[in-house]
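1. model this:
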Amino acid sequence: MAMTMRAPQGESTLPISEFIGYEEALEVLSSDERFKSTVYAMNTMLIEKGIYTAEEFRYHFRQAAQGHLRRRIKA
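-> Numbering: from 1, shown residues only. The predicted structure is shown next:
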């Protein structure tokens, strides 16, 4: 029996065996893409484990974005 991973709403779920291998992903992704994948994976795990909610994440994301915009305006 193939196991499936839970995917975000609107995305298909693939059997685990169909995902790219970890080492292969490290080889083919750019540094920026690896960073984004890491952030996505960590946030997904923390939300699924109940460490924080998606709403809490969005709140803190908006706070960080506001800080970036303020610094951009000052520059």
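
2. drop to CA atoms for contacts and neighbour counts, all remaining ones
-> Fine.

3. so who does the residue positioned nearest the centre of the chain touch?
-> Taking Cα atoms, centre = their mean as the criterion, residue 40 is the residue nearest the geometric centre of the chain, at 1.0 Å. For residue 40, the contact set (Cα atoms under 8 Å, 6 or more residues apart in numbering) is empty.

4. helix, strand, or coil at it?
-> helix (DSSP: H, G, I helix; E, B strand; the rest coil).

5. just the pLDDT for it.
-> In this prediction, residue 40 carries a pLDDT score of 96.

6. how far away is it from residue 57?
-> Per Cα to Cα, to the nearest Å, residue 40 is found 12 Å from residue 57.

7. show me the shaky parts of this protein.
-> Scanning the chain for pLDDT under 70 picks out 1-17.

8. and the longest helix seen in the chain, C-alpha only, in CSV?
-> Among the segments of the chain that qualify as a helix by DSSP state H, the longest is helix 54-74. In CSV, the C-alpha atoms belonging to helix 54-74 read as follows (Å, rounded to 0.1, in the frame of the first residue of the first chain):
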residue,chain,number,x,y,z
ALA,A,54,-1.8,29.2,10.1
GLU,A,55,-3.4,32.4,11.4
GLU,A,56,-0.6,33.0,13.8
PHE,A,57,1.9,32.5,11.0
ARG,A,58,0.1,35.0,8.8
TYR,A,59,0.0,37.5,11.6
HIS,A,60,3.8,37.4,12.1
PHE,A,61,4.4,37.2,8.4
ARG,A,62,2.4,40.5,8.0
GLN,A,63,4.4,42.1,10.8
ALA,A,64,7.7,41.2,9.1
ALA,A,65,6.4,42.4,5.7
GLN,A,66,5.4,45.7,7.3
GLY,A,67,8.9,46.1,8.7
HIS,A,68,10.5,45.4,5.3
LEU,A,69,8.2,48.0,3.7
ARG,A,70,9.0,50.6,6.3
ARG,A,71,12.8,50.1,5.7
ARG,A,72,12.2,50.2,1.9
ILE,A,73,10.5,53.6,2.2
LYS,A,74,13.3,55.0,4.4
